[in-house]
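K.L.:
Got a predicted structure plus its sequence, pasted below:
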Amino acid sequence: MRILVTGGAGFIGSEYVRRRLKSDPAARITVLDKLTYSGVEANVAPVADHRGYSFVRGDICDPEVVDQVMAGQDAVVHFAAESHVDRSIDGAAPFVRTNVMGTQVLLDAALRHGVGRFVHVSTDEVYGSISEGSWTETWPLAPNSPYSASKAGSDLLALAYHRTHGLDVVVTRCSNNYGPYQFPEKVIPLFITNLLEGKTVPLYGDGRHIRDWVHVSDHCRGIDLVLDAGGAGEVYHIGGGTELSNHKLTGLLLDALGAGWDRVEYMADRKGHDLRYSLDDSKIREHLGYAPQVSFTEGLTATVAWYRAHRSWWEPLKQRAALR
Ligand code: NAD
């Protein structure tokens, strides 16, 4: 299968590319990535010599580049996005541009080239916040941050291309990912690397916000199930089954790094901070046989070990992005 992977030099996209080429050596993968601040070509270095791999540096908003790379593809797995909520609060323009307009450019090109399947990688954040129970795939979208609103826009646009034009679109909505190669501005790698550097960690509000955590390899396993066997026009949740408050998560990270609560700096809460995310992922479990394989304890231990062993990967990224 010839697959165009957008955002393949980012955290989740690069895991997807490394995994897919390992499990399916006959696959042909073209990565289209602009290499923004969060895109790191070294993330795909382990597969750079694979005969089925090619890399194009380009913008998903550029119709000419997108047209060239779309030709001859059997499928698209669309990860490319501006992905950090805090940055979207500081400035929403790049989020609307890449997440909404870039997705439209890709959908148009996929339609023009008769691409067989378009997997749009979305997020649980499109639903807003839920105080109890869990969202099913038919729940109305009610995003609260500019990031999640731009993702909701692209998610609905992708589904509209299925309904209007018959494009074979499948949407995945996943919970919070963690694992190796995650840009060190996101909470788990930020806390691990700050603790390794002897710094404090910034905890928003009182830490009562709850997130469901999934290991990035389980997310990518779910995406492949959807790519290979999902129903056209369907939405699938991909969850991890580990709901934790940020306070509890902070405690686990402090323990893992041998640090105490004196290293925690309490910050004013994030504007519009969603209290809780919770996905009901029984649809993908029952229809496609998905089940997360990495327990949170095992995954977090391995993630801490990875950041310990890869200072040369994250130190320059933190310096470049001026992360405290
Ligand atoms: P990331 O920021 O690590 O990677 C994004 C990648 O997209 C980078 O390589 C970047 O260079 C590239 N990119 C950005 N703008 C581009 C453009 N205009 N043209 C081409 N490439 C561009 O993000 P991530 O955490 O790997 O997230 C990937 C996808 O998964 C996103 O769509 C995100 O919304 C979704 N998602 C993420 C999570 C999570 O917990 N990280 C959870 C659910 C869904």
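P.N.:
Great, that's in hand. Numbers count the residues shown, from 1 in each chain.

K.L.:
The helix or strand harbouring Leu203 pairs with which strands, and in what direction?
P.N.:
Using DSSP states H and E, Leu203 sits within strand 201-204. If you go by DSSP bridges, strand 201-204 pairs up with strand 264-267 (parallel).

K.L.:
What residues of the strand it pairs with count as buried?
P.N.:
Neighbour-count burial for strand 264-267, counted by 16 or more other CB atoms under 10 Å, picks out Val264. (Each C-beta comes from the backbone N, C-alpha and C, glycine too.)

K.L.:
before we move on, what about stretch 111-130?
P.N.:
Those buried within stretch 111-130 under the rule 16+ other CB under 10 Å are 111, 113, 115, 117-130.

K.L.:
Go through the residues of the stretch 201-324 of the chain and report the one nearest to the ligand.
P.N.:
His219 (7.2 Å; CB to the nearest ligand atom).

K.L.:
That residue reaches Asn177, doesn't it?
P.N.:
Yes - counting by CB atoms under 8 Å, His219 touches Asn177, with 5.4 Å between them.

K.L.:
what do the two both touch?
P.N.:
Ile12 (CB atoms under 8 Å, 6 or more residues apart in numbering).

K.L.:
burial of Gly7, as a residue count?
P.N.:
The number of residues packed around Gly7, counting by other CB atoms under 10 Å, is 27.

K.L.:
What lies in contact with the strand holding Leu203?
P.N.:
Residues outside strand 201-204 that contact it (CB under 8 Å, 6+ apart) are 190-191, 194-195, 246-247, 250, 253, 263-270, 273, 324.

K.L.:
try 10 Å this time
P.N.:
The contact list for strand 201-204, computed with CB atoms under 10 Å, 6 or more residues apart in numbering, reads 86, 187, 190-195, 209, 246-247, 249-250, 253-254, 257, 259, 261, 263-270, 273, 324.

K.L.:
Which members of those are positioned in strands?
P.N.:
Taking DSSP state E, the ones among the contacts of strand 201-204 that sit in strands are 264-267.

K.L.:
okay, those in TSV with pLDDT and distance to the ligand next?
P.N.:
Listed next are the ones in strands among the contacts of strand 201-204 as TSV, based on pLDDT from 0 to 100; distance: CB to the nearest ligand atom, whole Å:
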residue	pLDDT	distance to the ligand
Val264	96	22
Glu265	95	23
Tyr266	94	23
Met267	91	20
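
K.L.:
possible to save those residues as a markdown table with distance to Asp224?
P.N.:
What follows is the ones in strands among the contacts of strand 201-204, written out as a markdown table (distance: CB to CB, whole Å):
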| residue | distance to Asp224 |
| --- | --- |
| Val264 | 38 |
| Glu265 | 40 |
| Tyr266 | 40 |
| Met267 | 38 |
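
K.L.:
Show me the shaky parts of this protein.
P.N.:
Within the chain, the set of residues satisfying pLDDT under 70 comprises 324.

K.L.:
okay, now the domains of it?
P.N.:
2-177+216-238, 184-211+242-274+297-321 (automatic domain parsing).

K.L.:
starting at the chain centroid, how far to the longest one?
P.N.:
Averaging C-alpha coordinates over domain 2-177+216-238 and over its chain gives two centres that are 8 Å apart (CA atoms, centre = their mean, to the nearest Å).

K.L.:
related to what we said a few turns ago, which stretch of helix or strand covers the residue of the stretch 201-324 of the chain closest to the ligand?
P.N.:
helix 216-229.

K.L.:
What is the subsequent helix or strand relative to that helix?
P.N.:
Counting by DSSP H and E, the next helix or strand C-terminal to helix 216-229 is strand 235-238.

K.L.:
Okay, now the sheet partners of that following strand, with direction.
P.N.:
If you go by DSSP bridges, strand 235-238 pairs up with strand 169-174 (parallel).

K.L.:
Can you show me the CA trace of the strand it pairs with as CSV?
P.N.:
Extracted C-alpha coordinates of strand 169-174, given in CSV (Å, rounded to 0.1, in the frame of the first residue of the first chain):
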residue,chain,number,x,y,z
VAL,A,169,-12.9,9.2,5.0
VAL,A,170,-12.5,7.7,8.5
VAL,A,171,-11.9,9.8,11.6
THR,A,172,-10.1,8.7,14.7
ARG,A,173,-10.5,10.6,18.0
CYS,A,174,-7.9,9.7,20.5
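
K.L.:
before we move on, back to that, now the helix holding His219 and strand 169-174, what's the angle there?
P.N.:
With axes from the mean of the first three to the mean of the last three CA atoms, to 10 degrees applied, the angle from helix 216-229 to strand 169-174 works out at 160 degrees.
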